[in-house]
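Engineer: sequence first, predicted model second:
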Amino acid sequence: MPEDYLPIAGIVIPPSSLSLRRAKALAELASSGSLPYVTLVDCFSMGQDSGASSEAVVLDVVVERPQRPVHDIRHCERIAVVFEADDKGIPEVLALRPDFPWVPHVNLRLEEFPRSLCLYDRPWSELSSRWTPAVFVERIRYWLAATARGELHQEDQPLEPLLLHHGTAIVLPADIYKDLEADTPIRLDLVLAHGSKDCRTLIALRPPEDSKQIYPGLKFLATTFVAKAQAHGLVRRTPRSLAELHSFLEAGEIDLIGALRQRLRSWNTGKLLDAKLAMIVALPLSRSAAGTIESWNFWVFATLSSVREVGVEIGLWSPLDKAVGLLLAPDDTRRGEQVEVDVFSPYLEFSASSAASANAKKRVAMKTVVIGAGALGSQLIVTLARMGFGNWTVVDEDDLLPHNLARHALHGGYVGEAKAVGMAHFLNQIYSGAATAIDADVLAPGDRAEALQRALSAAEWILDISASATVARHLAIDVSSPARRASVFLNPQGTDVVVLAEDKDRTLTLDVLEVQYYRSVNAEASLQGHLIANPGKLRFGRTCRDVSTTMSTAKVAMHAALAAELVQRAVASDAASMTVIRSDRSSLAVTPIVLEPVRCFRQQVGEWSLILDGKLLENLAALRSAKLPNETGGVLIGHYDLDRQTVYVVDTIPSPPDSAEWPTLYIRGSEGLLAQVQAVSDRTGGQLEYVGEWHSHPDGCATLPSDDDLLVFAWLTQHMSVAGLPALMAIVGQHGTSSWYLGEMVRTGGWSVNPQPGKD
């Protein structure tokens, strides 16, 4: 081999003597002449025993490069491909030119030269079954050509950490950047991860408040160093000793030995001396030397020596029996030449930001109070947290019981714990600072009332997953907070999930969205059977209330995942939304049904509140117009909230067929009406019912009550008062006007509305 190329540590053999299948295939292809841009140079056996040695195939590879390459890649590069004897690794590709440039995507080795090209970001186990010499050669040529053009590392790629395959992983604090950006050196204590064996995974912890104390099982003391900004490649080969590492880091303006002498001096205490030493080097990275910092690259170099031994080897102190004696001046002839250095693989602790990045989403750090941590709630909360959504306060009074484990996100280790406390602990195990807990009943918080009110007042988003209409209404109406609110719940059989979300200005609150949802359930064919009761009962205790429902765990998990997406979409929009996702039992298909929220009208009438919406008023106006010149009418369908003396009116059952309809008189009939009212109640799970009457007046007539209207209202008042409910009557006139009378009727009129028909 010419002297201007780096030598191969082996003996030259003819191609026919190659014993490794892939090496032989590559040599045969290169010598066949079928690839004009590749020439076979030599073949090598790289061990004494040719039957068990590695083998190398040396090639001259022609590169398609620009006239002015970004990196110094030549028109023809000499490449050695080294095949391992056991064929368990990717063939290593070495550039044999002694001045081959240091560029991105070069692997570290014990020796800087020859450079090792990093061709793949996938393991050999995934590549080996499809490896062919032609594809492999083309991959080499692509690497060289793209590097020459400066395009191998794409603009949308993060700057890569150089690949170091080592058996020990170090998990660094997620907020370590705060210290690095301030250029503040810190000490970290490295302890074994729970369940880790043989130092395979170490967790970096900030030291206890008393910095001279240590954690049980302390393995290493670590300290941080920040290098100047690098384009790439501060360390170009694996250092063998502390002295070599010091030499490498000088290029990053780090005086490693000097800094260690200062820091170890403060660690000269008891058991701290017995821990081994690790050094965390942080490199701010940019694509060019003058570019802005885009990311940080971490290196962790660990010594096999204790802090005590390292201090001796860098001339800081001399050993005594169980302590050390500081030297009056450091012995600068000792710079760690005898301290062996190993390289560990650093990983950042999982965080909310990394969770969002893993989901290709932006971090939403919204202060979220969630009410309810049951089956659906627990899985929904965990899913959203794993997507980097929310800073959570979990509110739930219930304890986790054994039967809950069928569908709950928590495991058996939390049985007997308050669900809220367990969920907060679980979320904080995913990443620190994720959640806090309030173990209280939101309707009767007792001594937790002040903490609950503080959380609700500070919230930006209140998420109800309590599966209780009472709780949802309380959150919508009674809770004082600037936060938007949303409600997520399953239908009784667990086949469908519903997500209701208020608009940003809260003009459509959860209570209004709830009754509009019931109207859709009653009217939409796509929601047929949605609120059918679940016949499955599970008794988990001995009292009459110890009853739960049977429900598919798989469906709960599926709907929690779907609801997580809907919640995030609701947060991203200023508008109110109502969505039902239905699942088919047999086909497993899911169908989203998007319902349209409608503008509502609120009016206080005496002690009662009346809430209507534009769709109802539009419907009444259309029914009136269809029967002109005759009057018409029907019954009103809605929902009572007796605790808050509120009646919601959302729909009507039009005039029965036996009604009398004349230009100046309307007498409502009753044929089939009772069955229709009962059907509405059945379809909506008993949530919608009869609430009053309405009729129309002809064109040119006001919506004031006639004498006959007063008589009808008196009858209605007597009929409704037996049930403790107020009488309600509406009179609909032309141009969409209507008057509403609730509780009592006077000839001077009632509440008049004049919405634009068909407009929200």
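Structural biologist: Received, thanks.
Engineer: what separates stretch 31-50 from the chain centre, distance-wise?
Structural biologist: 50 Å (Cα atoms, centre = their mean, to the nearest Å).
Engineer: then stretch 63-75?
Structural biologist: 43 Å.
Engineer: contacts for it next, please.
Structural biologist: Residues external to stretch 63-75 that are found in contact with it (Cβ atoms under 8 Å, 6 or more residues apart in numbering): 62, 76-77, 97, 99-101, 103, 141, 144-145, 147-150. Using the backbone N, CA and C atoms, a C-beta is placed for each residue, glycine as well.
Engineer: buried stuff in that stretch?
Structural biologist: 63, 65, 69, 70, 71, 73, 74 (16 or more other Cβ atoms under 10 Å).
Engineer: what is the rounded mean pLDDT of it?
Structural biologist: Average pLDDT, stretch 63-75: 89.
Engineer: now stretch 241-261
Structural biologist: On average, stretch 241-261 scores 88.
Engineer: end-to-end on it?
Structural biologist: End-to-end span of stretch 241-261 (Cα to Cα, to the nearest Å): 16 Å.
Engineer: now that stretch: buried residues?
Structural biologist: 241-246, 248-249, 252, 254, 256-257, 259-261.
Engineer: distance from it to the middle of the chain?
Structural biologist: The answer for stretch 241-261 is 40 Å, by Cα atoms, centre = their mean.
Engineer: for stretch 245-263, same thing?
Structural biologist: 39 Å.
Engineer: residue 730 is in what secondary structure piece?
Structural biologist: Assessed by DSSP states H and E, residue 730 sits inside strand 728-732.
Engineer: also residue 394?
Structural biologist: strand 389-395.
Engineer: residues making contact with that strand?
Structural biologist: Against strand 389-395 from outside (Cβ under 8 Å, 6+ apart): 352, 356, 361, 364-373, 381, 384-385, 419-420, 423-424, 427, 433-438, 440, 442, 452, 455, 459, 461, 564, 567-568, 571.
Engineer: helix, strand, or coil at residue 303?
Structural biologist: Put simply, residue 303 is strand when judged by DSSP: H, G, I helix; E, B strand; the rest coil.
Engineer: wait, isn't residue 221 in contact with residue 267?
Structural biologist: Yes. At 6.4 Å, residue 221 counts as touching residue 267 under the criterion of Cβ atoms under 8 Å.
Engineer: related to what we said a few turns ago, just the buried members of the contacts of strand 389-395?
Structural biologist: Buried among the contacts of strand 389-395 (16+ other Cβ under 10 Å): 352, 356, 364, 366, 368-373, 381, 384-385, 419-420, 423-424, 427, 434-438, 440, 442, 452, 455, 459, 461, 564, 567-568, 571.
Engineer: can you tell me which of these end up in helices?
Structural biologist: Assignment to helices by DSSP state H places the following of those there: 352, 356, 381, 384-385, 419-420, 423-424, 427, 452, 455, 564, 567-568, 571.
Engineer: of the residues you listed, which is the nearest to residue 588?
Structural biologist: residue 564 (19.0 Å; Cβ to Cβ).
Engineer: okay, now the domains of the chain?
Structural biologist: Following automatic domain parsing, one gets these domains for the chain: 11-149, 169-349, 361-595, 600-753.
Engineer: worst average pLDDT in these?
Structural biologist: domain 169-349 (a mean of 82).
Engineer: distance between that one and the chain's centre?
Structural biologist: For domain 169-349, the distance to the chain centre is 33 Å (Cα atoms, centre = their mean).
Engineer: again with stretch 75-88
Structural biologist: The answer for stretch 75-88 is 42 Å, by Cα atoms, centre = their mean.
Engineer: list the contacts for the residue most central in space within the chain?
Structural biologist: Compute the mean C-alpha point of the chain, and by Cα atoms, centre = their mean the closest residue is residue 387, 0.2 Å away. With contact set as Cβ under 8 Å, 6+ apart, residue 387 has these partners: 355, 356, 359, 361, 564, 568.
Engineer: show me which of these is closest to residue 446.
Structural biologist: Distances from residue 446 to the contacts of residue 387, taken by Cβ to Cβ, are shortest for residue 564, at 31.3 Å.
Engineer: now residue 440. Nearest residue, chain neighbours left out?
Structural biologist: residue 448 (3.7 Å; Cβ to Cβ, 6 or more residues apart in numbering).
Engineer: so residue 35, which of the three states?
Structural biologist: Applying three-state DSSP: residue 35 is coil.
Engineer: contacts only, for it.
Structural biologist: 29, 134, 137.
Engineer: which one of those residues sits closest to residue 679?
Structural biologist: residue 134 (71.9 Å).
Engineer: quick revisit: and the buried residues of stretch 63-75, which is closest to residue 411?
Structural biologist: Of the buried residues of stretch 63-75, the one sitting nearest to residue 411 (Cβ to Cβ) turns out to be residue 71, at 52.5 Å.
Engineer: how about the secondary structure of that closest one?
Structural biologist: Per three-state DSSP, residue 71 ends up coil.
Engineer: for residue 101, see how far away it is.
Structural biologist: 5 Å (Cβ to Cβ, to the nearest Å).
Engineer: what about residue 498, distance to residue 520?
Structural biologist: Distance from residue 498 to residue 520, by Cβ to Cβ: 10 Å.
Engineer: need the residues touching each of those two.
Structural biologist: With contacts defined as Cβ under 8 Å, 6+ apart, the residues shared by residue 498 and residue 520 are 578, 580.
Engineer: the two: which is more packed in?
Structural biologist: Between residue 498 and residue 520, counted using other Cβ atoms under 10 Å, the more crowded position is residue 498 (25 against 20).
Engineer: just checking, that one touches residue 491?
Structural biologist: Yes. Counting by Cβ under 8 Å, residue 498 does reach residue 491; the two are 7.0 Å apart.
Engineer: beta partners for residue 395?
Structural biologist: residue 371, residue 438 (DSSP bridges).
Engineer: just give me the neighbour total for it.
Structural biologist: Neighbours around residue 395, by other Cβ under 10 Å: 30.
Engineer: equivalent analysis for residue 453, please.
Structural biologist: Neighbours of residue 453 (other Cβ under 10 Å): 14.
Engineer: could you do residue 349 as well?
Structural biologist: 15.
Engineer: would you mind measuring from it to residue 423?
Structural biologist: Taken as Cβ to Cβ, the span from residue 349 to residue 423 is 20 Å.
Engineer: kindly report the same for residue 216.
Structural biologist: 28 Å.
Engineer: same thing with residue 320?
Structural biologist: 52 Å.
Engineer: got it, and residue 5?
Structural biologist: Relative to residue 423, and taking Cβ to Cβ, residue 5 is found at 63 Å.
Engineer: same deal with residue 187?
Structural biologist: On the measure of Cβ to Cβ, residue 187 and residue 423 end up 33 Å apart.
Engineer: likewise for residue 688?
Structural biologist: Distance from residue 688 to residue 423, by Cβ to Cβ: 34 Å.
Engineer: so what's the spatially closest residue to residue 370 that is not a sequence neighbour up against?
Structural biologist: Spatial nearest neighbour of residue 370, excluding adjacent residues (Cβ to Cβ, 6+ apart): residue 463 at 4.5 Å. By Cβ under 8 Å, 6+ apart, residue 463 lies in contact with 368, 369, 370, 371, 485, 486, 487, 488, 567.
Engineer: tell me, how many residues neighbour the residue nearest to the first one when sequence neighbours are not counted?
Structural biologist: Leaving aside its chain neighbours, residue 368 sits nearest to residue 390 (3.9 Å; criterion: Cβ to Cβ, 6+ apart). Residue 390 has 27 neighbours, counted by other Cβ under 10 Å.
Engineer: next one: residue 569
Structural biologist: 13.
Engineer: which residues does the closest residue to it other than its chain neighbours contact?
Structural biologist: Spatial nearest neighbour of residue 569, excluding adjacent residues (Cβ to Cβ, 6+ apart): residue 577 at 7.6 Å. For residue 577, the contacting residues are 499, 500, 501, 566, 569, 570, 594, 597, by Cβ under 8 Å, 6+ apart.
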